[in-house]
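Enquirer: here you go, sequence then predicted model.
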Amino acid sequence: MLSLDTIVAPATPPGEGGVGIVRLSGPRAVDFLGTTFRGNTTITRMESHRLYYGKLFNSDEERVDEVLAVIMRAPRSYTGEDVVEIHCHGGTQILRSVLDLFLKAGARMAGPGEFTQRAFLNGRLDLAQAEAVIGVIKARSERASRVALDQLDGHLSQKIYKFSEQLKQSLALLEAHIDFPDDEVGALDLPGLLAPLRKISLQVDTLVGSFDVGRVLREGVNVLILGRPNVGKSSLMNAILGESRAIVNEIAGTTRDTLEEQLVLAGFPVRLVDAAGVRDTDDPVEQEGVRRAREKAAVADLVLMVVDGSCPLTGQDILALELCRPDNTLVVVNKSDQAQNCDLERLVGFPCRVSVSAKYSLGLDDLSEAILGLLKGGAASSEGEEGVVVTERRHRDALLLTKAALKELLASAEDSAPLECLAMDLREALSALGLITGETTPDEILDQIFSQFCVGK
Amino acid sequence: MAENYDIIVVGAGHAGCEAALAAARMGCQALLLTLNLDAVAQMSCNPAIGGLAKGHLVREIDALGGEMARNIDATGIQFRVLNTKKGPAVRASRAQADRDLYRARMKQVVEAQEGLDLKQGQVISLVVEGEGVAGVETRDGLRFLAPTVILTTGTFMRGLIHVGLSHYPGGRAGEPPSEGLSDQLRTLGFDVGRLKTGTPPRLDAATIDFSVLEEQPGDPVPKPFSADTLGLDRPQVPCHITYTNERTHEVIRGGLDRSPLYSGVIEGVGPRYCPSIEDKVVRFPEKDHHQIFLEPEGLTSGEVYPNGVSTSLPVDVQLAYLRTMKGLERVEIMRPGYAIEYDYVDPIQLKPSLETKLLRGLYHAGQINGTSGYEEAAGQGLLAGINAVLQVKGREPVVIGRDQGYLGVLVDDLVNLGTKEPYRMFTSRAEYRLLLREDNADQRLSPLGREVGLLTDERWEKFSKKLVDLERGNERLRTKRISPGNHEALDRLGLQGLKNGASLEELLRRPEIGIGDLDFLDAELASFSQEVRSELETEIKYAGYIRRQQEQVERFRRLESLEIPEGFDYDTVSGFSAEVREKLKRVAPRTLGQAGRIPGVTPAAVAILTVFLRR
C-alpha cells in the first residue's frame, strides 16, 4: 500500500455521454465515499468489487446525482490501492460537480497517467504494461486499441519474458561452467547452448519487423493525395471523408477545408493529407510547389496519385508522378462517371490502380480495399503469427540492441572466444531485454545455477 | 587503568590479521585481541587459499599491500592455476597450504609488526560513548580504549556446534564461543541473524590407501600469488581423488533421521554453493557419484582433508559412509566433521567503508558480515583496517568500485543487498569481469595501496617497472612490422600467404599465434618477464571485448558520479512507493548508481530520484 494521498479524476472522456465515471484511488478513497454517498447499504458493509445504488450529497445536504458506486479494495484493484468508482450520469456539468465534491472532501486531482503510475509503482503492471495502458488511452481506432489491449494482457511481455527466461537459462549454464569445475557441472555442450539462442535471434528479428505495423497502428498512416490541379483531389478527399464521416475524429480547431483530416479506414487510423500546398501556385513546374510536394511524398506511407480518366495525361501529371515511389503509390483514376480517354499505359511501373468518381462517390469501396491491400502488403503483413506487435519505439530499440548482442554472441562463438566473452555478449542481450522487462541480477543467475547443479565442495 | 590505542581489532582470523597489520603499517597504534593466541590465522576449514574468483581477491589484497598472498607463498605446498582452458579473465590461482606453517608464519608477522600489540582476551562488550564506539572490555575485566574498533568475530559469536543430534557451544572444534557481544549489538540496534556452515571430518593419512587413487599434482612451474615473492622453493605435494558411490549415498540416506539439518535442529541458513554431502545426496538423487579431493593438511601433518564431504551427520555415519569409498576402506577419522551456527550482522547496516551506520568508529569485517571464505574475509579486513586509519587521521574513506576489483563488488553487494546466506565470491558477480583479471590486479589497485601507505618503495618500483615494460611492449608490438618479403619469418609463423606486411600486434590477434611465437622477431619483446608478456598478449587478443567492457564501465561511472547528498530526505520525494522509500532509507545509497542496485528500487523510482537530484 502506498502511503500517498488520495487522487481523483474522471475516468471517462469529457463530453456528453450516457454514463460518466469518476475514479478515486488512495488510502482515503473509501472515507471520501462515506462522507458523500447514501444508499441502502452502509459503506462499512459494502462488499469489494460490487456495485451499489445510492445518491451523492454535498456538504449542504443537496443531492448532486443518482449514482452507482463500487469499492475495489487493495490490493485487488487497478492501482493496488483502495479504489472507488462512481458511475454517475454523463455530461460535463454533472461530472464536474461530482469531481468538486471529492476535491472538497480532500482528494487531490490526479495528474496525467497518475493512476497508471501508481499501478506500476505498486507492482500491478510492468513497464511494458504501463506503457500499453497509455497506449489504450491514446488509441484512436478499434484496431489500435486491440493491439494495445493485447499488450496489456501481456502478450508482448509474455513473449519477451520467454526470451528473457531462455537467455537467463543459457547464461546460467555458461556461468556454471565458468565458476565451477567440470567435475561438478559436467562438460559444456556449446552447440546445444547456442541452438535456442539462434532461434531467439530470429524471433527477435520478426518482432523488430512488426514495429512498422505497430507504428502505423499507433501514429496512424500518412496518406498523401497528390496530382496536378483540377484532377479532383479535393473532391476525392471530401468523398473519402463523407464515407467515413460517422467516425471522423477531427483535430481540434480544424475544419473540413483544411489540408489534413483524420479518419479510420478499414480499421487503420489514417491521416489524410491533401498536397494542397501546391494548390495555390497552380503550376507544379514552379520550384517551391514541387519542392513541398516532394517533401510530403517522401514522408507519406501511401500516396494517392490522382489523374483525370477523361483526358490524356499531361506533362504536369508526369511531373507529379515523378515524385512517387511505385511501392507505395496507388494511382486513382478519377472521373469514372465520364467517358474514359486516358493513356494509362504510359504509367509503367505503377501497377496499383483504381477507378473512382469522387463527384458521385463511385468506386470508394474499391479504393478502401486497394489502400488496405497496399498497407498490408507493406508493414502489416509482418505481424507475427501470434499477433504480437511492437508499437513502442523504445521496445523496438531494446529489441534491436538484443539482436545486435546475440549476433555478437554467435560471432564470438564462431571465433572460439573464451566463455567469459560469450557471457558478456549474453549479458548484453539480457540487459537490452531488461530495458523492457527489468534487470536480471547476478543473484538470479546464481539461484538458477544452484537449483540445477550440484556445485560446491 | 585502561590502555589507549588508535584501533582495536577483535579476532585474529584472516580478516583480523589483515586489519591489524594494515592499521599498524599505516602508522597507527593497533591492538589485536583474540580468544586464543595459538589459533591466529587458523584455517578452520579447507587448507587452501585461492580458487575461482578467490584467487583474484588474493591478488587484489596483495596489490593493496595486504599479507595473505605473501603468507600463502611462504607456506604453500601445492600451487595450481585453475580454469586454464577458459579465458584469461577467469583463470585463477589456488594453493594448498601447510595449515600449521600458515598459522605460525602469520603469527610471526603480526608479532614482529611495529605498532601492533597481540593479546589474548575475550571481548564481551563494546565501550560506547555517545554515537561512537570508544573501546572494548574483556571477560578478565580489562578495558582497552580506541576511537575505532573492528569486529572480525568469524563463527564465534554464540557459536553452536552440531554433530548428529548432539550440539554444544563452540566457536570452532575445541574452542569456546564468544558470548555477550552479539547481545549487545542487538541492543544497539543491529539486525543480528543466524548462519550455518560446516566442515568435513579430518582423516588419518596412515589409514588411506593412496596407491589405488588418482593423483592430482600441482603445476610443473608453480606461480606465486604475491609480486613480492621471488620464488617458491618448498616441496610440492599432490592431492588425491576418490568418489562417492551408490553405497555411500545409501549409508547417508540411512543416517538422515539423525541429521540436525534434516530433523530441523539447525535454524541457521547454510551456503548453497557449499552443500554438505547429505544435502547433495538429497537434492540431487540422480547423481550417482560425487568427486572428493583428499588434500594434505601439511608437509608433516598426518591429517587429510576430504574436500567435498562436509557433514553434520553423527560420527558413526560419517565413518560408515567414508569407508564405502575407494582407498578409504580402512580409514580412521581423527576429527569429526560438524556444522556450526553463528551470529552475523546484516551488512546492509554498513557504509561502503565497512563502518557501521549505527555506531561511529565501529567496523565489521569477515563472517560477521555474512560472508564465507578466508579470501573474502581478508579483503574486508584489509579495507576496514585502511578505512579505520583514515578515519583516525581525519581523512575520507577508501571505496573500491565494482569496476576496480572483486573487493569492490563484494563490499557493494554486501551493503546494498545484505545477505541471507553466507556470501561467497563468484566471477559471475562481477559485471566487468573481463577487466578484473588476476594479472592486472596491481594496475587496478596498487596506486591506491601506495597512496594509503601500504606499499613499500621497493614494491612500488617493481610495479612502476611493470608499467613501463607494458607500455614499451605495446609500442614494440605496434611499430615492429614484418614485410611480405620476409619469407623466412613467414614460413616460421605458417603465414606463407601473407600478401601485405603486418605489425606484430596484428599477427598476435590471430588465434593461432601466441606472443612466444614472435620472440625471434624482436629481442626486446622477448626480454620482458613472463607476466608482462602474457598480459600484453591478453590485452591484444581480447582488445575488442575489453573495449566494449570499458564502454560499459563508462556508462556505469556516469550514474556512480551522481551523488546523493548524505542525509537526503526521501520523504520529500512524492511518487515513491512505500516499499521503495523504505529501501532507500534503509540503505541510504551514496550515488544514483548504488540506488539502482538496491533490489526493489525500480527504474521508475531511479528516474524520479534523478529528477529530484537535478532540481
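Expert: Everything's here; your move. Residues are numbered from 1 along each chain as shown, chains lettered A, B, ... in the order given.
Enquirer: how about the residues of the stretch 151-300 of chain A near chain B?
Expert: A:175, A:177, A:178, A:179, A:180, A:181, A:183, A:184 (CB under 8 Å from any CB of the partner chain). From N, CA and C alone the C-beta is placed, and that goes for glycine too.
Enquirer: show me which of the residues you listed are buried.
Expert: Neighbour-count burial (16 or more other CB atoms under 10 Å in any protein chain shown) is assigned, among these, to A:175, A:177, A:178, A:179, A:180, A:184.
Enquirer: now the helix or strand containing residue A:196: average pLDDT?
Expert: Element membership for residue A:196 (DSSP states H and E) is helix A:190-209. Mean per-residue pLDDT for helix A:190-209: 92.
Enquirer: in it, what counts as buried?
Expert: Using 16+ other CB under 10 Å as the test for burial, helix A:190-209 gives A:193, A:194, A:197, A:200, A:201, A:203, A:204, A:207, A:208, A:209.
Enquirer: could you do stretch B:508-525 as well?
Expert: Buried residues in stretch B:508-525, counted by 16+ other CB under 10 Å: B:508, B:513, B:515, B:517, B:518, B:521, B:522, B:525.
Enquirer: and stretch A:33-47, by the same measure?
Expert: Under the neighbour-count criterion of 16+ other CB under 10 Å, stretch A:33-47 has A:33, A:34, A:35, A:36, A:37, A:39, A:43, A:46 buried.
Enquirer: and if you look at stretch B:138-154?
Expert: Buried-residue list, stretch B:138-154, by 16+ other CB under 10 Å: B:138, B:144, B:145, B:146, B:147, B:148, B:149, B:150, B:151, B:152, B:153, B:154.
Enquirer: now the residue of the stretch 451-600 of chain B found nearest chain A: how far from residue A:388?
Expert: Here the residue of the stretch 451-600 of chain B nearest chain A is residue B:577; by CB to the nearest CB that distance is 4.3 Å. Distance of residue B:577 to residue A:388, computed by CB to CB, to the nearest Å: 29 Å.
Enquirer: so who does the residue of chain A found nearest chain B touch?
Expert: Using CB to the nearest CB, the single residue of chain A nearest to chain B is residue A:418, 2.5 Å away. The contact partners of residue A:418, by CB atoms under 8 Å, 6 or more residues apart in numbering or on different chains, come to B:86, B:87, B:88, B:89, B:90, B:542.
Enquirer: so which of these reach chain A?
Expert: Residues of the contacts of residue A:418 in contact with chain A (CB under 8 Å from any CB): B:86, B:87, B:88, B:89, B:90, B:542.
Enquirer: burial count for the first one?
Expert: When neighbours are counted by other CB atoms under 10 Å in any protein chain shown, residue B:86 registers 19.
Enquirer: flag every residue of the stretch 251-400 of chain B that's near chain A.
Expert: Listed as neighbours of chain A in the stretch 251-400 of chain B under the rule CB under 8 Å from any CB: B:271-275, B:280, B:283-284, B:287, B:290-291, B:293, B:307-308, B:310.
Enquirer: could you tell me which of those belong to strands?
Expert: Judged by DSSP state E, these include B:291, B:293, B:307 as members of strands.
Enquirer: tell me what the second one is bridged to.
Expert: Here residue B:293 shows beta-bridge partners residue B:241, residue B:307, assigned using DSSP bridges.
Enquirer: neighbours of it, just the number please.
Expert: 20.
Enquirer: swap in residue B:22?
Expert: Close neighbours of residue B:22, defined as other CB under 10 Å, add up to 32.
Enquirer: for the nearest residue to residue B:381 once chain neighbours are set aside, what are its contacts?
Expert: For residue B:381, ignoring the flanking residues on the chain, the nearest one in space by CB to CB, 6 or more residues apart in numbering or on different chains is residue B:15 at 3.2 Å. For residue B:15, the contact set (CB under 8 Å, 6+ apart) comprises B:152, B:154, B:365, B:366, B:367, B:377, B:378, B:380, B:381, B:384.
Enquirer: returning to that earlier point: out of the contacts of residue A:418, grab the one that's most surrounded.
Expert: Among the contacts of residue A:418, residue B:89 has the most neighbours (other CB under 10 Å), with 31 neighbours.
Enquirer: my guess is that one contacts residue B:434, does it?
Expert: Yes: here residue B:89 reaches residue B:434: they are 4.8 Å apart, a contact under CB atoms under 8 Å.
Enquirer: surely residue B:500 is in a helix?
Expert: No: using DSSP: H, G, I helix; E, B strand; the rest coil, the assignment for residue B:500 is coil, not a helix.
Enquirer: who's in contact with it?
Expert: Counting by CB under 8 Å, 6+ apart, residue B:500 touches residue B:484.
Enquirer: export the ones in strands among the residues of the stretch 251-400 of chain B next to chain A to CSV and append columns for pLDDT and distance to residue B:428.
Expert: Shown next, in CSV, are these (pLDDT from 0 to 100; distance: CB to CB, whole Å):
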residue, pLDDT, distance to residue B:428
B:291, 94, 22
B:293, 96, 23
B:307, 96, 22
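Enquirer: and the nearest residue to residue A:182 once chain neighbours are set aside, which of the three is it?
Expert: Of all residues not flanking residue A:182 in the chain, residue A:188 sits nearest, at 7.7 Å (CB to CB, 6+ apart). Counting by three-state DSSP, the backbone at residue A:188 sits in coil.
Enquirer: didn't residue A:188 look like it was pressed against residue A:177?
Expert: Yes: contact criterion CB under 8 Å: residue A:188 and residue A:177 qualify, at 4.5 Å.
Enquirer: just to revisit the earlier point, for the residue nearest to residue A:182, give me its contacts.
Expert: Each residue near residue A:188 by CB under 8 Å, 6+ apart is listed here: A:173, A:174, A:177, A:182, A:419.
Enquirer: tell me how far it lies from residue A:176.
Expert: Using CB to CB, residue A:188 is found at 9 Å from residue A:176.
Enquirer: what about the closest residue to residue A:201 other than its chain neighbours, neighbour count?
Expert: Residue nearest to residue A:201 in three dimensions, not counting chain neighbours: residue A:406, with 4.3 Å by CB to CB, 6+ apart. Counted with other CB under 10 Å, residues neighbouring residue A:406 total 25.
Enquirer: just the CA atoms of the helix or strand hosting residue A:406, as PDB, please.
Expert: In the assignment (DSSP H and E), residue A:406 maps to helix A:393-414. Coordinates of each C-alpha in helix A:393-414 appear next as PDB, following Å, rounded to 0.1, in the frame of the first residue of the first chain:
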ATOM      1  CA  ARG A 393       9.900   2.800 -30.300                       C
ATOM      2  CA  ARG A 394      11.600   2.200 -27.000                       C
ATOM      3  CA  HIS A 395      10.700  -1.500 -27.300                       C
ATOM      4  CA  ARG A 396      11.900  -1.700 -30.800                       C
ATOM      5  CA  ASP A 397      15.200  -0.100 -29.900                       C
ATOM      6  CA  ALA A 398      15.700  -2.500 -27.000                       C
ATOM      7  CA  LEU A 399      15.000  -5.500 -29.300                       C
ATOM      8  CA  LEU A 400      17.400  -4.100 -31.800                       C
ATOM      9  CA  LEU A 401      20.100  -4.000 -29.100                       C
ATOM     10  CA  THR A 402      19.200  -7.500 -28.100                       C
ATOM     11  CA  LYS A 403      19.500  -8.700 -31.600                       C
ATOM     12  CA  ALA A 404      22.900  -7.000 -32.000                       C
ATOM     13  CA  ALA A 405      24.200  -8.600 -28.800                       C
ATOM     14  CA  LEU A 406      23.000 -12.000 -29.900                       C
ATOM     15  CA  LYS A 407      24.700 -11.500 -33.200                       C
ATOM     16  CA  GLU A 408      27.900 -10.700 -31.400                       C
ATOM     17  CA  LEU A 409      27.500 -13.800 -29.300                       C
ATOM     18  CA  LEU A 410      27.100 -16.100 -32.300                       C
ATOM     19  CA  ALA A 411      30.100 -14.500 -33.900                       C
ATOM     20  CA  SER A 412      32.200 -14.800 -30.800                       C
ATOM     21  CA  ALA A 413      31.300 -18.500 -30.600                       C
ATOM     22  CA  GLU A 414      32.300 -18.900 -34.200                       C
END
